[in-house]
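Trainee: got a sequence here, can you build the structure:
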Amino acid sequence: MSYTTEQLIEILDNELRATWKGERIVMSSGDRISNPVVARALGTEKLSKVFAYQDFRTQIHDYQRHHNVSGIIWRTCRFNDLTVQVPEIHGQLIPIDDDKQTLVEAKTAILNFWYTNTHNMCFWLTGEALKPITTSDVERLVREAEWVELDVGQTELYLSLCWGTPQECHYQWSWPDSWCERVIAANNTPTLTKV
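Mentor: Sure thing, here's the model as predicted:
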């Protein structure tokens, strides 16, 4: 029987604590940075900790692929006394092939929650500057998205409309193959506290 997603997260947390306590070392860490000045400035102890954890995490990712262990965790978002379960890729795990389908399948429930809670709210598209957009702009972005992600503030909702590769969609270098457009719903100008 293979480890579960939750067990892998716990294993990674324990390994990270052990690494930062100095209980894990990598003897060749200085050789991994091609710039000797940078390697010397960071110091072998810090480099050893970084590479020890990085090596261990790579082994966990290989384990995920080999045993088909999902990188998805589920969290509950609450707004105006309504809740929705939202899948997301854990920050220390990778998505396996089936995980994208899980994200896609959650799109309808998340959008129902979004539309129920955003009546009479204003919408903004994030980017270099906030840009006010219409409901029809949001609907067009929704149609183009393969899956959606949701974050909740006290008075605002944040919807990410994503496509491409889940592991890459949040990085600028992945454009245009993978990306997330971000929309904020607020009663007034957004506070930008959770973008």
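Trainee: drop to CA atoms for contacts and neighbour counts, all remaining ones
Mentor: Fine.
Trainee: name the residues that touch the helix or strand hosting residue 86?
Mentor: Residue 86 is located in strand 82-89, with elements delineated by DSSP states H and E. Where contact means C-alpha atoms under 8 Å, 6 or more residues apart in numbering, the residues beyond strand 82-89 that reach it are 71-78, 95, 102-103, 106, 109-110, 113, 149-150, 166-167.
Trainee: try it again with 7 Å
Mentor: If you take C-alpha atoms under 7 Å, 6 or more residues apart in numbering as the criterion, strand 82-89 is touched by 71, 72, 73, 74, 75, 76, 77, 78, 95, 103, 110, 113.
Trainee: most neighbours, which of the residues you listed?
Mentor: residue 71 (26 neighbours; other C-alpha atoms under 10 Å).
Trainee: residue 137: helix or strand, and which one exactly?
Mentor: Using DSSP H and E, residue 137 falls in helix 135-144.
Trainee: report the buried residues of that helix.
Mentor: 138, 141, 142 (16 or more other C-alpha atoms under 10 Å).
Trainee: just the CA trace of the strand holding residue 86, in CSV.
Mentor: Taking Å, rounded to 0.1, in the frame of the first residue of the first chain, the C-alpha atoms of strand 82-89 are listed here in CSV:
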residue,chain,number,x,y,z
LEU,A,82,-21.8,29.6,2.1
THR,A,83,-19.0,27.1,1.6
VAL,A,84,-17.3,25.3,-1.2
GLN,A,85,-14.6,22.6,-1.3
VAL,A,86,-11.7,23.8,-3.5
PRO,A,87,-8.9,21.5,-4.8
GLU,A,88,-5.4,22.9,-5.1
ILE,A,89,-1.9,21.5,-5.7
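Trainee: gap between that strand and the chain center?
Mentor: Per C-alpha atoms, centre = their mean, to the nearest Å, the displacement of strand 82-89 from the mean C-alpha position of its chain is 13 Å.
Trainee: partner strands of it, with direction?
Mentor: strand 72-79 (antiparallel) (DSSP bridges).
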